[in-house]
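Asker: One predicted model, sequence on top.
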Amino acid sequence: MPHNAKKLTTDAYKGVRDFLPADMAIQKAIFSLWRGICEKYGYEEYGSSVLEPADLYRAKTGEEIINEQTYTFTDRGDREVTLRPEMTPTAARMVAGRRRDLIFPLRWYSIPNLFRYEQPQRGRLREHWQLNVDIFGVEGAAAEIEIINMAFDITRAYGLKDTNFEIRLNNRKLMNYITKDVFSLSEELSRKVAKLIDRKDKLDAQSFNAALSELFAPDPHLRGKDEQLLTLLNSGNFEEFISHLPQTAQEHAGLKEIREVISGLERLGITNVRFDQTLMRGFDYYTGTVFEVFDLNPANRRSVFGGGRYDELLSLFGNDKVAAFGFGAGDVIARDLMETYGTLPKPESPADVCICIVGDQNMPYSLDLAQKLRSEGVRVAVDFSGKKVGDQIANADKRGIKFMVAIGDQEVTSGSFKLKNLKTKEEKVVDEDGLISEIRRP
């Protein structure tokens, strides 16, 4: 190394993770959990590149996402490219492009790698993997009920009980009705109010109230209406919230959809659902029901994943509207949840048996034996270290390998082996066939 050369760091880039085998085993288990539940409901897996045109996100996700929260750059062809921060616009692009060839309703899921340029914190990094689940082509509440049922099953599979979490619901139609029709807010002010409401849980009451008053203050026609909106936002339950609305709103589509979803989930035995008028979800493309799974544990009291209806997103590609509902669940929060509740999967052993080689002259026979075992479906690790047998046994035991067999001159000559169970410390003398049957024994 040159005298003045800068020593390279061994740290990963800020906000991303290295996965050692034990971490990789946990991630694989989470992915397997996700795939198992999705496929139980008849959903099919799809995939796509991490690179997308920046305009895909600028068009509907919001200018803020592009300017402040993405890895966006200009490539050598002078095209503006973004490392995808979310998967829903990609799914919409793919469905819109192949709409005539697809059979609806579509049930799709994916586990993409996503990138966000933001401040790393618990549960949120600059790179993560996320389960995305979407159903396309179903307009009624059946889509919401099925998808939220899947979200419920996933949360239970993390190890939470019904009493550990809530499923919180709101509806963008209802909130748009309130901001535009009840309070006569402009499009721009409605959007600002929606973004403020979305942050309500992150602000103390005084700060939120002051921010809302500041938004209403420039328009004299809105004087005092911030207090009316606060009354709605601070309602204790669904019925109290409705009581503060004009009677003409009783049959509004948003209210009807919320009732349908809650009653449909209750019929499935899912009773930990509640209306939350402050739930907005951050993306501009939501058009109807939105939901979040909320962990009630004091150690992790927060929203852990969610989604909503986005019936107009596909029309950005020049198509007619296609009804769509879905959610995203991240692997970082999944692991945090499982750590909180003590349900993290234990890493599996990397092999069923370790072959210890005693003497270099026995290497060829050991490798032949390993191949025979592998051809029978046995996972075999061969120790090439040349260390003493006791050290090789200790290393195999530390790695969680259940069986060990040592191959020396006697074993090569006789064709019989001492198979040692490193868990029970029992030993059995077996031939090659016996070796396979003993390793496979439950």
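Answerer: Sure thing, it's come through.
Asker: Let me see the ranges of the helices in the stretch 1-150 of the chain.
Answerer: Taking DSSP state H, counting those that start in this stretch to define them, one finds helices in the stretch 1-150 of the chain at 21-40, 55-58, 63-69, 88-97, 141-157.
Asker: Actually, the stretch 201-350 of the chain.
Answerer: Going by DSSP H, counting those that start in this stretch, the stretch 201-350 of the chain shows helices at 205-216, 225-233, 238-243, 253-267, 331-340.
Asker: Pull the number of nearby residues for Ala217.
Answerer: Residues lying near Ala217 (other C-beta atoms under 10 Å) number 11. (C-beta placed from N, C-alpha, C; glycine too.)
Asker: is it true that Pro105 touches Glu139?
Answerer: No - proximity of Pro105 to Glu139 does not meet the contact threshold set by C-beta atoms under 8 Å, at 9.9 Å.
Asker: Pipe the helices of the stretch 1-150 of the chain into JSON lines and attach mean pLDDT, mean neighbour count and distance to Asp219 per row.
Answerer: Converted to JSON lines, the helices of the stretch 1-150 of the chain look like this (pLDDT from 0 to 100; neighbours: other C-beta atoms under 10 Å; distance: least, C-beta to C-beta, whole Å):
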{"stretch": "helix 21-40", "mean pLDDT": "96", "mean neighbour count": "16", "distance to Asp219": "47"}
{"stretch": "helix 55-58", "mean pLDDT": "85", "mean neighbour count": "18", "distance to Asp219": "29"}
{"stretch": "helix 63-69", "mean pLDDT": "72", "mean neighbour count": "15", "distance to Asp219": "23"}
{"stretch": "helix 88-97", "mean pLDDT": "92", "mean neighbour count": "21", "distance to Asp219": "33"}
{"stretch": "helix 141-157", "mean pLDDT": "98", "mean neighbour count": "21", "distance to Asp219": "35"}
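Asker: check contacts around the residue lying closest to Ser437 once chain neighbours are set aside.
Answerer: Once flanking residues are discounted, Ser437 sits nearest to Val430: 8.0 Å by C-beta to C-beta, 6 or more residues apart in numbering. When contacts are counted by C-beta atoms under 8 Å, 6 or more residues apart in numbering, Val430 touches Ser416, Phe417, Leu419, Ser437, Glu438.
Asker: Quickly find the element holding the fourth one.
Answerer: Per DSSP states H and E, Ser437 falls inside helix 432-440.
Asker: And that helix, how far out from the chain middle?
Answerer: Distance, stretch centre to chain centre, for helix 432-440: 41 Å (C-alpha atoms, centre = their mean, to the nearest Å).
Asker: Next: stretch 37-55.
Answerer: Going by C-alpha atoms, centre = their mean, where stretch 37-55 is centred and where its chain is centred differ by 12 Å.
Asker: Touching it from outside, list them.
Answerer: With contact meaning C-beta under 8 Å, 6+ apart, stretch 37-55 is reached by 35, 66, 70, 72, 79-84, 87, 89-91, 93-94, 107-113, 115, 131, 133, 146, 150, 153-154, 157.
Asker: 7 Å instead?
Answerer: 66, 72, 79-84, 90, 94, 107-110, 113, 133, 146, 150, 153-154, 157 (C-beta atoms under 7 Å, 6 or more residues apart in numbering).
Asker: Same check on stretch 14-28?
Answerer: Ala12, Pro120, Leu125, Arg126, Glu127, Asp331, Arg335, Leu344, Pro345, Pro347, Glu348.
Asker: pull the helix or strand with minimum mean pLDDT from this protein.
Answerer: The helix or strand of the chain with the lowest confidence, counting by mean pLDDT, DSSP states H and E, is helix 63-69 at a mean of 72.
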